[in-house]
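>>> Sharing a model that was predicted from the sequence below.
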Amino acid sequence: MNKNKTDKIIITLTTWSGIALLLGLIGWGATYFFNGYRYEQTNDAQVDAYLSPINAKVGGYVSSIYYKDNQQVKKGDTLVLIELDEYGLKKDAAAAELMSAHAKLPILAVNEETQLKSIGVIKAQLTGAKARLDQQQKEFDRYKNLLADESTTQQKFDKVSASLSITQSDYEQTKASLQVAESKLNDFSAQRNAIQAEIKLKETLLQRQELDIRYTVITAPFDGQIGKKTIQEGQLIQAGQTLAFLVNKAEEKWVLANFKETQISKFSIGQAVSIEVDAFPNEKFNGVIESLSPTTGARYSLLPPDNATGNFVKIIQRIPVRIRFTDKSNKVAKLSAGMNANVYVLKD
């Protein structure tokens, strides 16, 4: 009797369990088909955000690291120091070269002053040479007339003629010396321009060395959370090398959902979207379609598919759809880039 009663109880429990399971399946099926009727959905979606790389602007050995994995940092916080010794020596060398270039200007000024005095002396000599030439020319003309009147000898006339030639030569030589001196003075002006250009170049090089020294201190460009530390103290890094990634918590986040090409025919910008994030299964997020990709996701791959072959198999492609959150920023702030999501786009 007890055994029959027990069997009846088991049968009853089994029956009710079956009924409950059936009702559950019916409810799940109804929900699935209801959602399928109201929404276009995909689970091929992730939360995304901009990852800003922290790059080294100069190379060198890492002196100190002031951050840890996943650390919150403020704008201007020092993250990495690069050894300064080499850049300090380069700055000293650039400063010395600049001083050397500046020192050339006083020397050039003295040379210009000396040259001006030399030009004054040559001009005075030229005046005297011109006076002697005029006097000798008059003497030559007088003896020429005397020779014509046979009042002097040919010997005296030849002597006067030779003196005129010598005086003429002295004058021309002094005149040429003045031209050379003035040309040299112009050379000094050109040298001054060259020295000033050299000073400008040396100043720029010094500023560059000072800039490189500032670049040895790598700071956070904005408030955010830094990612994994991939460098160690004493490590040699190169200019342009990525040292870490910084995520701006205040920056915009979005969802990138890959819908099948058969689902997007009625999608439009601003269309309402419901989002479920796997990390927060009991919480709903809201958004709108911000843009649709102009190409399928496969077109962005390293080797995009080429269907112009004999063995063609049609595969449904996916279109990346960017979805902007419409929830308050403090609600979205807890989401991290890379989190998986389910996306439901409300049909019009």
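Sure thing, it's come through.

>>> Who are the contact partners of the nearest residue to residue 147 once chain neighbours are set aside?
Computed as C-beta to C-beta, 6 or more residues apart in numbering, the closest residue to residue 147 that is not its neighbour in sequence is residue 157, at 4.7 Å. (Each C-beta comes from the backbone N, C-alpha and C, glycine too.) Residue 157 sits next to 143, 144, 146, 147 when contact means C-beta atoms under 8 Å, 6 or more residues apart in numbering.

>>> cool, residue 42 as well?
Neighbours of residue 42 in contact, by C-beta under 8 Å, 6+ apart: 257, 258, 259, 260, 263, 342, 343.

>>> Need the three-state assignment for the last one.
In this case it means residue 343. Using DSSP: H, G, I helix; E, B strand; the rest coil, the structure places residue 343 in strand.

>>> ditto for the second one
When classified by three-state DSSP, residue 258 comes out as strand.

>>> tell me which residues form a beta bridge with it?
Beta-bridge partners recorded for residue 258 (DSSP bridges): residue 320.

>>> Look up how far residue 332 lies from the residue nearest to residue 147.
When C-beta to C-beta, to the nearest Å is the yardstick, residue 157 and residue 332 sit 116 Å from each other.

>>> Residue 229 too?
Distance, residue 229 to residue 332, by C-beta to C-beta: 27 Å.

>>> so residue 342 makes contact with residue 279?
No. Using C-beta atoms under 8 Å, residue 342 is not in contact with residue 279, being 11.8 Å away.

>>> Show me which of the two is the more surrounded one.
Using other C-beta atoms under 10 Å, the more surrounded residue of residue 342 and residue 279 is residue 342, with 17 against 12.

>>> residues contacting that one?
41, 42, 43, 45, 275, 276, 278.

>>> which among the residues you listed end up buried?
Buried by 16 or more other C-beta atoms under 10 Å: 41, 42, 45, 275, 276, out of those.

>>> returning to what we had before: can I get the contacts of residue 342 in a markdown table including pLDDT?
Formatted as a markdown table, these follow (pLDDT from 0 to 100):
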| residue | pLDDT |
| --- | --- |
| 41 | 91 |
| 42 | 92 |
| 43 | 93 |
| 45 | 95 |
| 275 | 94 |
| 276 | 94 |
| 278 | 94 |
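
>>> Between those, which sits nearest residue 78?
Nearest to residue 78 among the contacts of residue 342: residue 278, at 36.6 Å, using C-beta to C-beta.

>>> Quick one: residues contacting the closest one.
The contact partners of residue 278, taken as C-beta under 8 Å, 6+ apart, are 339, 340, 341, 342.

>>> mind listing what the third one touches?
Yep, that's residue 341 we're talking about. Neighbouring residues of residue 341 by C-beta under 8 Å, 6+ apart: 43, 45, 46, 47, 255, 257, 275, 276, 277, 278.

>>> do that again at 10 Å, thanks
42-48, 255-257, 275-280, 285, 323, 335 (C-beta atoms under 10 Å, 6 or more residues apart in numbering).

>>> same thing with the second one?
Contacts were defined as C-beta under 10 Å, 6+ apart; by that measure residue 340 touches 43, 44, 45, 46, 47, 276, 277, 278, 279.

>>> so where's the stretch 101-250 of the chain uncertain?
Residue ranges of the stretch 101-250 of the chain with pLDDT under 70: 250.

>>> Roughly how far does residue 106 sit from residue 112?
Distance, residue 106 to residue 112, using C-beta to C-beta: 11 Å.

>>> And residue 98, by the same measure?
22 Å.

>>> more neighbours, the two?
Shown here are residue 98 and residue 112; by other C-beta under 10 Å, residue 98 has more neighbours (19 against 16).

>>> Which residue, other than its chain neighbours, is closest to that one?
The shortest distance from residue 98 to any non-neighbouring residue, by C-beta to C-beta, 6+ apart, is to residue 202 (4.0 Å).

>>> all helices in the stretch 151-300 of the chain, in order from the N-terminus.
154-215 (DSSP state H, counting those that start in this stretch).

>>> which residues of the stretch 1-150 of the chain fall in helices?
Using DSSP H, counting those that start in this stretch, helices in the stretch 1-150 of the chain cover 2-38, 85-148.

>>> and the ones you listed, which is most packed in?
Of all the helices of the stretch 1-150 of the chain, helix 85-148 has the most neighbours on average by mean count of other C-beta atoms under 10 Å, namely a mean of 14.

>>> What are the buried residues along stretch 331-348?
Neighbour counts over stretch 331-348 (16+ other C-beta under 10 Å) mark 332, 335, 339, 341, 342, 343, 344, 345 as buried.

>>> gap between the fourth one and residue 110?
In other words, residue 341. 79 Å.

>>> that older thread, please list the members of the contacts of residue 341 that lie in strands.
With DSSP state E as the criterion, strands contain 42-48, 255-257, 275-277, 280, 285, 323 from among the contacts of residue 341.

>>> From the contacts of residue 278, pick the one nearest residue 17.
When the contacts of residue 278 are compared for distance to residue 17 (C-beta to C-beta), residue 342 wins out at 29.4 Å.

>>> Just list whatever residues bridge to the closest one.
As assigned using DSSP bridges, the partners bridged with residue 342 are residue 276.
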